[in-house]
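Participant: need a structure here:
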Amino acid sequence: MTGVHPMIRTPDQRIRVFVSSTLHELADERRAARAAIERMRLAPVMFELGARPHPPRELYRSYLEQSDVFVGIYWESYGWVAPDEDVSGLEDEYNLAPSSMPKLIYIKASEHRDERLKTLIARIQADDHAAYLPFSTSDELQDRIADDLATLLAERFDASQQDAADDADAVPAAALPGRVPVPYTLTIGREEDVRRVRDLLAAGADRLVSLVGPGGIGKSRLAIEVARASADLFRDGVHFVLLEGVLEPGLLLPTIAYSLGVRDAGDVDLEDRIARALDGKRVLIVLDNFEQIVDAAPVLVRLYTAAPLATFLVTSRVVLRIRGEQVYELEGLSTPAETEPATVHRALRSSAVALFVDRAQAVRPDFELTERNAADIVSICRRLEGLPLAIELAAAKSRALNPAAIDQRLQQSLPLLTAASRDLPERHRTMRAAIDWSVGLLPDVRRDMLEDLGVFATRFSLDAVEAVSAGRTWEGQVLDALADLVDASLVKQTDLGGRSTFSLLAIVREYAVGRLEARGEADAMRRAHADFYADLVSRTAPNLRGPLQPEAVRLLGLELSNLRAAVRHLVHTDRLDDAGDYAWNLIVYWWISGFFSEVRLWMLELLEKQHPISTRTRAIAVFFTMWGEMWRRPSDQVIDGLGEASRLFTESGDEDAAAMALAARGSTRMRFPDLDMAAAEADLQAARGALNRLGDWWAEALADVALGLLAMARGAFPESLAHFERASAIGVAEDDTFTRVVAGNNLARLHLLGGDVGAAASEYRTTMQLSAVLHYDEGAQYALEGLSAIAAMQGDAWRAGALAGVATSVRQRVGVFDVDGFAANAQPLAALRESSPEAVAAGERAGAEMSIAEAYAVALPDADVSAQQALAPW
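Facilitator: Numbers count the residues shown, from 1 in each chain. Alright, predicted model coming up:
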């Protein structure tokens, strides 16, 4: 009889009641159900997923697996059936509920019920484990649920007393310490990990599986779920050995023996006694928190050698490095990608967001994920990199702070991430304590290295680490020391873009920088960091123009966070001329990646410094501060500033830069409503002539694009076409992807205005594909608008709307500002909206949810596979 009925739990392990219904149709009834469940001091499981489009099935499967009672509330609607699904989320939840789970089904009276819901209700009536009960009002429903739950619990309590008596002799008292713990809260987002680790255990090829990861990643929770899911694989039982308070390697065997019920009488070696107890038994022994006694790892080899049917599952922050070990590295929970819109629909696919919402509802029952707070919750989960403990600690603040306030305070995350729960282990009460626990296990030299690595941002290469090692305590030990930190789950190693990279969790980096500053070593490390990246930039900058451009942009993209950090380090340490050269060397990259506003802030800080700078550095700083303003807020001050930058460049002897500043001034003049054609053309023609004379084909081509736009503004289309074709020809001749995209998008727009839809479509396809190679958002946005216009002209309303929707999202994200009506699809889409408003609107809604990579498939459905692969990380 044991295991048939739900366990009667103490108040801190409350029975969980899963509530299934359509969401909007039965919103009042759901509130009534929650009130009834909480009235009984039970835990409602009501994460709002079940009836939404594309429901994340693995999430509500997890909720069901960890619930004890199923409550279904049905009225008229069967619910939405997602694409590629046969049933609605409503029926899917009922199907996924374990057959033995008690089910309380409440049917609201109606004469207009969906046919498929009628069929489902008929199935329910035939289910022996379901109680079928009618109701009319929300108040009546609340009373019914409370009464029925009370009755159910009373029945289970009586049965559990009898079961306990029946099983008293079957469970040795000594086995109780080794029982698998029951989680206090739902486990979210680990379904695939549970499956994979169970598969490893089922295969039987590995004697020991180590779940490895940093503190707070959820290793212990995963071990519990794996142990529960794998009980059927081990006929002689599963034993859970808590090593939390075991700090001496010599205590490993006594702790295992106690959990197994093996007595240490002193007459036989304890290791032999355990081996005999395990001999011939198919058992799983879970050893939780092994990192503090890792020196005892060889004992495990001797145990599983003597007991070949025994398997060990270990959780540890460090790799054990013993024979027979299979390492399973645990990652953070999934978060929406940076390039995806932070909508509710996207957020619902994220297990990190699901965890935040669940834990926030635990402290504030009325908490909900909405369109208003979705972006903030997504940002929180991204900042915390999907680290479950950090997310739980942040969510706990929802009692006092809204998501926007939490996100703002997470800019300095460690002070916020504290827990009020007194029953948590001390190392999990704050994230700082969790990190201290791991760092405290390191030798001094490895600890020094970890703190020094805090100077890096996001990810870094082995070359970079070696470059900053000079004079450090770990100099000459880079490879071994780095490998040890990887094994200790404090540094993560990944292969990215064909090379090996390393990274720290943001929280670990914050901790490391704090320690580095406390040691007074931060400035020395920042200097070394800036030197390495300044050298990298000077070597890479020439490749930003021409055939090597995509590879150079990809390399710099991998290093972007460190490129930003290096500029800050140069400015912070008053190396202002170096900072100017560094920023100017990257002008092409800043343009492609859209970081001029950020560079502007660094240059403003540089100009505010009371420190001597060269004339050229001042010119660079003035140029970048004006460039950031010319697109958003063109003004006479910007025109004067760019003129001053050109003058300063000339004074410093840099004629090429002076001509670029002059071209920028001419482009700024074009953005005024009362366009001064003559002044704009004079600047641009002078700049183009100088750039041609100096051999700067790249900047010359862009000056031609500006002249083409100027000609278009005055209606001189043949002249405009000549300029765009000339710029495009330069891009093709020099094999410069960026120039081809900028010139090509303008050329395509001109074809479109001239009625040559075929030529425009061909050009836009090319610029879309080239933008994908560069991951150039702005280029893709213009191409998407052009392809949207063509779809509108062809009467394809949904596709036109979808491409317009994603283009609008990109505009908002990257901050593209054009004169009114510049978007190529503005007029064709407006015309189509008159005849097909619903189809256009449906497309726009879909497009607003798309990433550029997803939009690419809509824009160019026949693109080759290699192009699709290039888009994967976009």
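Participant: Next, count neighbours for Ala541.
Facilitator: By the criterion of other Cβ atoms under 10 Å, Ala541 has 19 neighbours. For every residue, glycine as well, the C-beta is placed using N, CA and C.
Participant: ditto for the one 3 residues further on
Facilitator: Neighbourhood size, Leu544 [other Cβ under 10 Å]: 22.
Participant: excluding its backbone neighbours, what's nearest Pro336?
Facilitator: Nearest non-adjacent residue to Pro336, counting by Cβ to Cβ, 6 or more residues apart in numbering: Arg346, 4.8 Å away.
Participant: how about the one you found, secondary structure?
Facilitator: Secondary structure for Arg346, judged by DSSP: H, G, I helix; E, B strand; the rest coil, is helix.
Participant: Now do the contacts for it.
Facilitator: 336, 340, 374, 378, 849 (Cβ atoms under 8 Å, 6 or more residues apart in numbering).
Participant: List the contacts of the third one.
Facilitator: Under the criterion of Cβ under 8 Å, 6+ apart, the contact list for Ala374 reads 342-344, 346-347.
Participant: again, only this time at 6 Å
Facilitator: By Cβ atoms under 6 Å, 6 or more residues apart in numbering, the contact set of Ala374 is 342, 344, 347.
Participant: Where do the strands of the stretch 151-300 of the chain begin and end?
Facilitator: Ranges of strands in the stretch 151-300 of the chain, per DSSP state E, counting those that start in this stretch, are 208-212, 238-242, 284-288.
Participant: can you pull the buried residues of the last one?
Facilitator: Pointing back at strand 284-288 there. Buried positions in strand 284-288, judged by neighbour count with 16 or more other Cβ atoms under 10 Å: 284-288.
Participant: and the angle from it to strand 208-212?
Facilitator: For strand 284-288 against strand 208-212, the angle by axes from the mean of the first three to the mean of the last three Cα atoms, to 10 degrees is 30 degrees.
Participant: contacting residues for the closest residue to Arg669 other than its chain neighbours?
Facilitator: Take Arg669 and drop its neighbours on the chain: the residue closest to it by Cβ to Cβ, 6+ apart is Ala680, 3.9 Å away. Contacts of Ala680 were listed using Cβ under 6 Å, 6+ apart, and they are 666, 669-670, 710.
Participant: Of the contacts of Arg346, which is the most crowded?
Facilitator: Comparing the contacts of Arg346 by number of neighbours (other Cβ under 10 Å), Val378 comes first, having 28 neighbours.
Participant: element containing the residue nearest to the spatial centre of the chain?
Facilitator: By Cα atoms, centre = their mean, the chain has its centre lying nearest to Thr335, at 3.3 Å. Using DSSP states H and E, no element contains Thr335; it sits outside every helix and strand.
Participant: ok, how many other residues are close to Ala307?
Facilitator: 20.
Participant: With Arg282 instead?
Facilitator: Neighbours of Arg282 (other Cβ under 10 Å): 14.
Participant: Ok, the one 10 residues further on next?
Facilitator: Gln292 has 21 neighbours, counted by other Cβ under 10 Å.
Participant: Likewise for Gln125?
Facilitator: Neighbour number of Gln125 under other Cβ under 10 Å is 11.
Participant: again with Val241
Facilitator: Neighbours around Val241, by other Cβ under 10 Å: 22.
Participant: I'd guessed it sits against Leu284; true?
Facilitator: No: applying Cβ atoms under 6 Å, one finds Val241 not in contact with Leu284, separated by 10.8 Å.
Participant: quick one: secondary structure of Phe367?
Facilitator: Following three-state DSSP, Phe367 is assigned to coil.
Participant: Could you check the pLDDT of it?
Facilitator: Phe367 carries a pLDDT value of 91.
Participant: From Thr137, how far out is the nearest residue to Glu244 once chain neighbours are set aside?
Facilitator: Nearest in space to Glu244, with sequence neighbours left out and distances taken as Cβ to Cβ, 6+ apart, is Asn289 at 5.2 Å. Distance of Asn289 to Thr137, computed by Cβ to Cβ, to the nearest Å: 52 Å.
Participant: With neighbour numbers in mind, choose between the two.
Facilitator: Comparing Asn289 with Thr137 by other Cβ under 10 Å, the one with more neighbours is Asn289, at 22 against 13.
Participant: Surely the more buried one touches Leu242?
Facilitator: No: if you go by Cβ under 6 Å, Asn289 and Leu242 don't touch, sitting 7.3 Å apart.
Participant: wait, isn't Asn562 in contact with Val455?
Facilitator: No: using Cβ under 6 Å, Asn562 is not in contact with Val455, being 9.3 Å away.
Participant: Any idea what Leu208 is bridged to?
Facilitator: For Leu208, the beta-bridge partners under DSSP bridges are Phe312, Glu325.
Participant: Could you pull up the contacting residues of it?
Facilitator: Contacts for Leu208 (Cβ under 6 Å, 6+ apart) come out as 312, 324-325.
Participant: let's see 7 Å
Facilitator: The contact partners of Leu208, taken as Cβ atoms under 7 Å, 6 or more residues apart in numbering, are 300, 304, 312, 314, 324-326.
Participant: Compare these and tell me which has the most neighbours.
Facilitator: The contacts of Leu208, ranked by neighbours (other Cβ under 10 Å): first place Val314, 28 neighbours.
Participant: Are we agreed that it is in a helix?
Facilitator: No: secondary structure of Val314 (three-state DSSP): strand, not part of a helix.
Participant: list the contacts for it?
Facilitator: Taking Cβ under 7 Å, 6+ apart, we find Val314 in contact with 208, 210-211, 287, 290, 320.
Participant: one more time with 10 Å, if that's ok
Facilitator: 208-212, 219, 223, 241, 243, 285-291, 294, 297, 300, 320, 322, 325, 327-328 (Cβ atoms under 10 Å, 6 or more residues apart in numbering).
Participant: Once you drop chain neighbours, what's closest to Ala307?
Facilitator: Nearest one to Ala307, counting by Cβ to Cβ, 6+ apart, is Leu278 at 3.6 Å.
Participant: next one: Arg34
Facilitator: Pro44 (4.8 Å).
Participant: List the contacts of Ala658.
Facilitator: Applying Cβ under 10 Å, 6+ apart, the residues near Ala658 are 619, 623, 645-652, 687, 690, 694.
Participant: Does Glu466 touch Leu479 like I think?
Facilitator: Yes: judged on Cβ atoms under 10 Å, Glu466 makes contact with Leu479 at a distance of 8.9 Å.
Participant: who has more neighbours, those two?
Facilitator: Glu466 (15 against 11).
Participant: is it true that the more buried one lies in a strand?
Facilitator: No: assigned with three-state DSSP, Glu466 falls outside any strand and is helix.
Participant: if I look at it, how far off is Asp484?
Facilitator: Glu466 is 16 Å from Asp484, by Cβ to Cβ.
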